[in-house]
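*Asks:* After the sequence you'll find the predicted model.
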Amino acid sequence: MPDLPNLNSSVRYAKGVGEKKAQLFKRLGISTIFDLLHHFPTHYEDRSHIVPIGHTLADKKQVIQGKILLVDQLKAGKNLSILKVAVRDTTGIIYAIWYNQEYLSQYLKKEKELLVSGKVEWKFGERQIKVEDFELLTGDEEDNLHLKRIVPFYPLTEGLSHRMLRRIIKLNLEKLSPYLVDILPQEMKRHYSFIPFKEALNNIHFPESFPRQKEAHRRLVFEEFFLLQSALALKKREYKKERGISFKVGDGLIKSFFHSLPYPLTLSQKRVIKEVLEDMHGSQPMNRLLQGDVGSGKTIVATIALLTAILNGYQTALMAPTEILAQQHWLNLRELLHPLNIKLALLVSDLPSREKKEILKGLKEGKIQLVIGTHALIQEEVDFYKLGAVVIDEQHRFGVMQRLSLRSKGKLPDVLVMTATPIPRTLALTSYGDLDLSVIDELPPGRKSIITRWISESRRKELYQFITQELKRGKQAYFVYPLIEESKELDLKPAQDAADHLKRDIFPNFKVQLLHGRMKREEKEKIMHLFRMGKISILVSTTVIEVGIDIPNANLMVIENTERFGLAQLHQLRGRVGRGAKQSYCFLLTGKKISEEGRKRMKVMCKTTDGFRIAEEDLNLRGPGEFFGTRQWGMLNLKIADLIKDAKMLYLTRKEAFQLVQKDPELKSYPRLREGIERRFPHRLELAKVG
């Protein structure tokens, strides 16, 4: 290791680690010494109070201290040995119990002073303590890490123990103490009465008391959120410094496009369109996130943005995460823009070679004005003649780098990011905190709220009768299954078997068709066309229909094994019905065994169709990591702050960070703060320079 400690050095150089343990630490996401010191406890145990043996209570974790009277080893079975040690103090005797740890008998000798933590039990007429931690006391212990104090417990991996982690973290905290600098501005620390950084770090790992641990936690949560929001503020400022395209807005053709729509725009749509057009007219590139529930009319807003760029002589691109969604957008936009004679193309990965070459040539020469596609749009071979505006749909399915890769295909084009998966405000302010935010918070007039019912297996026959009556009236239905083929591990009805069963035994008089993600594009297109035309009554599908399907006549949905889906996904699936003026229904069928969390999800789905309320509930039930997905959550890299519990702190730090960056755009007066941001969230600053 270098002479001067470097927090960015590999963890293998940390005191007490080395190459072998460094590999174990990497499993916990600990690569550097900085990561090690910021590997925070998940919980604590108060082992500071020693209970006299005669006063211990059964079924409680307690700490006792006394002299060893005798050591006994018992063989309780082929693979079970018991080490039983009698410990006495002035109030009584207790038996400390270890399982399969015979080697300890060489250390646990008669008359030695022993300190033990564990759960006390009454067994066989005697007081026992099942040992969790222990220390042999020699009288010269300066700082016991495992007992006689508030003891931290950490996330672990096989090969690393709490005792080992405590020792390593304590050694490195002491060694690096002179080099731990306070990066928060002095005036901020005074204003919020924060304890010094070194004190906070020591008290989060080895608290002097629980009040001190709370102070440390408050300080470190603030700092983490503040660094993240400062990074986002700097990134947003980078965007604002750039000179983008100043589009002429309010073209007569756009007005005629409005008049050609078969339905009036909602007030919400009009407000968001105004925000988008103001961005496009400005000289700085647009970077806007558009949130809107399923069916709220985001596509019209996107179309206005794309059309504005096209009428200014620029090319445009719309990127979607799946071929089905890309195709749906292509069909919708082709119909919407047909009167304006716009040249469109659909670019997906499995296009025939000849067709793909023609599209690539058309983009390079500027003959194609709007291209709709999947990840295929960000391939190296795709070149635009003059890209002016980009729309990315269902952004949560892409990585941030993919968004920037598409942006880099032009010279600072305007970017509109859309999602029909409502993002709780805390997540929006962290993962998309560098973007301006627009929300469509009302549905088009005439739409009826979808009736959602949680149905038990015993009412399946009754459900089928209801669906039969609806199908006879000319309506259509979706049946959604989690898997497409047999799984030995999951007790699910595979979609293939289900389609055959529904076709043969339940709805023999109606056309039933299976759709799944492994089908070829042409096959999917054919099935969707027939369903759209009403030639198929029941579409049996996997979650491939989660987004992008818009068929007003399909007003029935049955979701099987609903407990296997997350709330956000269930809401997305339900959004495939309720697209027309007729009453729509969504039926949730669960298996016989359902967890408490599964029950909560079902109740939320039946209680509300508001995507934003559902998103908040989903975040509370699953936590940010699972809600957001590994790729996006990894971009946040939060180590102590909690988006749910610490939401108020997040809003506070965002305000402070953006005000500070506005006052000092380069953070020249705060070099340590800038260093702290570069260490904690370097990817956030780098992204500002991409494209």
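*Replies:* Yep, it's here.
*Asks:* contacts and neighbour counts: CA atoms only from here.
*Replies:* Noted.
*Asks:* So which elements touch the helix or strand where Arg460 lies?
*Replies:* Under DSSP states H and E, the secondary-structure element containing Arg460 is helix 460-472. Counting by 3 or more C-alpha pairs under 8 Å, 6 or more residues apart in numbering; DSSP states H and E, the packing neighbours recorded for helix 460-472 are strand 476-480.
*Asks:* My read is that Ser438 contacts Gln291, right?
*Replies:* Yes: with contacts counted by C-alpha atoms under 8 Å, Ser438 reaches Gln291, the gap being 6.2 Å.
*Asks:* if you count what's nearby, which of these two comes out ahead?
*Replies:* Relative neighbour count places Gln291 above the other of Ser438 and Gln291, with 23 against 19, counting by other C-alpha atoms under 10 Å.
*Asks:* Please enumerate the strands of the stretch 301-450 of the chain.
*Replies:* Counting by DSSP state E, counting those that start in this stretch, the stretch 301-450 of the chain forms strands over residues 315-319, 344-347, 370-373, 387-393, 414-419, 436-440, given from the N-terminal end onward.
*Asks:* After the longest helix seen in the chain, which helix or strand is next?
*Replies:* Assignment by DSSP state H gives helix 210-241 as the longest helix of the chain. Towards the C-terminus, the helix or strand next in line after helix 210-241, according to DSSP H and E, is helix 252-260.
*Asks:* Show me which residues of that following helix are buried.
*Replies:* The neighbour-count check on helix 252-260 (16 or more other C-alpha atoms under 10 Å) flags Ile254, Phe257 as buried.
*Asks:* can you check stretch 379-399 too?
*Replies:* By 16+ other C-alpha under 10 Å, the buried positions in stretch 379-399 come out as 382-396, 398.
*Asks:* Can you name the residues in contact with it?
*Replies:* The set of residues that contact stretch 379-399 without belonging to it, under C-alpha atoms under 8 Å, 6 or more residues apart in numbering, is 245, 302, 305-306, 309-310, 314-321, 360, 363-366, 403, 406-407, 409-421, 628, 631-632.
*Asks:* returning to what we had before: nearest to Pro207, of the buried residues of stretch 379-399?
*Replies:* Within the set of the buried residues of stretch 379-399, His396 lies nearest Pro207; the separation is 38.7 Å, counting by C-alpha to C-alpha.
*Asks:* For that closest one, give me the pLDDT.
*Replies:* At His396, the predicted lDDT confidence score is 61.
*Asks:* residues near Ser669, how many?
*Replies:* 11.
*Asks:* Just read off the phi/psi values of it.
*Replies:* For Ser669, the backbone dihedrals (degrees, to the nearest 10) come out as phi -80, psi -10.
*Asks:* any idea how far it is from Val661?
*Replies:* According to C-alpha to C-alpha, to the nearest Å, Ser669 stands 11 Å off from Val661.
*Asks:* Show me what the lengthiest strand in the chain is packed up against.
*Replies:* The longest strand of the chain (DSSP state E) is strand 60-77. Helices and strands touching strand 60-77, by 3+ C-alpha pairs under 8 Å, 6+ apart, are strand 80-89, strand 113-123.
*Asks:* Asn553 is nearest to which of those strands?
*Replies:* When the helices and strands packed on strand 60-77 are compared by C-alpha to C-alpha, strand 113-123 sits nearest Asn553, at 62.6 Å.
*Asks:* Tell me where the stretch 501-650 of the chain has helices.
*Replies:* 521-532, 567-574, 596-607, 611-628, 630-636, 647-663 (DSSP state H, counting those that start in this stretch).
*Asks:* Show me the shaky parts of the stretch 451-600 of the chain.
*Replies:* In the predicted model of the stretch 451-600 of the chain, residues 483-494, 544-549 satisfy pLDDT under 70.
*Asks:* Go again with 50.
*Replies:* Along the stretch 451-600 of the chain, the model assigns pLDDT under 50 to residues 484-486, 488-492.
*Asks:* buried residues in the longest helix of the chain?
*Replies:* Along helix 210-241, these residues count as buried under the neighbour rule (16+ other C-alpha under 10 Å): 212-213, 215-239.
*Asks:* Give me the three-state assignment for Asn203.
*Replies:* helix (DSSP: H, G, I helix; E, B strand; the rest coil).
*Asks:* Contact partners for the residue lying closest to it once chain neighbours are set aside?
*Replies:* Among residues not flanking Asn203 along the chain, Gln213 sits closest, at 5.3 Å (C-alpha to C-alpha, 6 or more residues apart in numbering). Gln213 makes contact with Ala200, Asn203, Ile204, Pro207, according to C-alpha under 8 Å, 6+ apart.
*Asks:* tell me the two of the buried residues of stretch 379-399 that are most distant?
*Replies:* Taking every pair in those and measuring C-alpha to C-alpha, the maximum separation is 28.2 Å, between Tyr385 and His396.
*Asks:* thinking again about what came up before, between the longest strand of the chain and strand 113-123, how many degrees?
*Replies:* Inter-element angle recorded for strand 60-77 and strand 113-123: 80 degrees (by axes from the mean of the first three to the mean of the last three C-alpha atoms, to 10 degrees).
*Asks:* From Tyr99, how far out is the residue lying closest to Val51 once chain neighbours are set aside?
*Replies:* Ranked by C-alpha to C-alpha, 6+ apart and with sequence neighbours excluded, the top spatial neighbour of Val51 is Ile64, at 5.4 Å. Shown here: Ile64 relative to Tyr99, a distance of 19 Å by C-alpha to C-alpha.
*Asks:* Give me the more crowded residue out of the two.
*Replies:* When Ile64 and Tyr99 are compared for neighbours, Ile64 comes out ahead with 28 against 14, by other C-alpha under 10 Å.
*Asks:* wait, doesn't that one sit right on His55?
*Replies:* No: taking contact to mean C-alpha under 8 Å, the distance of 9.9 Å between Ile64 and His55 leaves them out of contact.
*Asks:* Could you list the low-confidence segments of the stretch 101-250 of the chain?
*Replies:* In the prediction, the stretch 101-250 of the chain carries no residues with pLDDT under 50.
*Asks:* coming back round to it: in CSV, list the strands of the stretch 301-450 of the chain along with mean pLDDT.
*Replies:* As requested, the strands of the stretch 301-450 of the chain are exported to CSV (pLDDT from 0 to 100):
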stretch, mean pLDDT
strand 315-319, 95
strand 344-347, 94
strand 370-373, 95
strand 387-393, 93
strand 414-419, 90
strand 436-440, 85
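*Asks:* Distance to Ala647 for those - can I get that in JSON lines?
*Replies:* What follows is those, written out as JSON lines (distance: least, C-alpha to C-alpha, whole Å):
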{"stretch": "strand 315-319", "distance to Ala647": "32"}
{"stretch": "strand 344-347", "distance to Ala647": "41"}
{"stretch": "strand 370-373", "distance to Ala647": "36"}
{"stretch": "strand 387-393", "distance to Ala647": "27"}
{"stretch": "strand 414-419", "distance to Ala647": "22"}
{"stretch": "strand 436-440", "distance to Ala647": "18"}
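*Asks:* Show me the one of those that comes nearest Val87.
*Replies:* Ranking those by their distance to Val87 (criterion: C-alpha to C-alpha) puts strand 414-419 first, at 63.6 Å.
*Asks:* hmm, back to that, next one: the residue nearest to Val51 relative to Phe510, how far apart?
*Replies:* With distances taken as C-alpha to C-alpha, Ile64 is found 74 Å from Phe510.
*Asks:* How about Ile150?
*Replies:* Note on Ile150: its distance to Phe510, by C-alpha to C-alpha, is 68 Å.
*Asks:* Also Gln465?
*Replies:* Distance, Gln465 to Phe510, using C-alpha to C-alpha: 13 Å.
*Asks:* more crowded one of the two?
*Replies:* Neighbours per residue (other C-alpha under 10 Å) separate Gln465 from Phe510, with Phe510 holding more: 18 against 13.
*Asks:* Skipping adjacent residues, who's closest to the more buried one in space?
*Replies:* Using C-alpha to C-alpha, 6+ apart and skipping the chain neighbours, the partner closest in space to Phe510 is Ser537 (6.0 Å).
*Asks:* Could you pull up the contacting residues of that neighbour?
*Replies:* Residues touching Ser537, when contacts are defined by C-alpha under 8 Å, 6+ apart, comprise Leu471, Lys475, Gln476, Ala477, Phe510, Lys511, Val512, Phe531.
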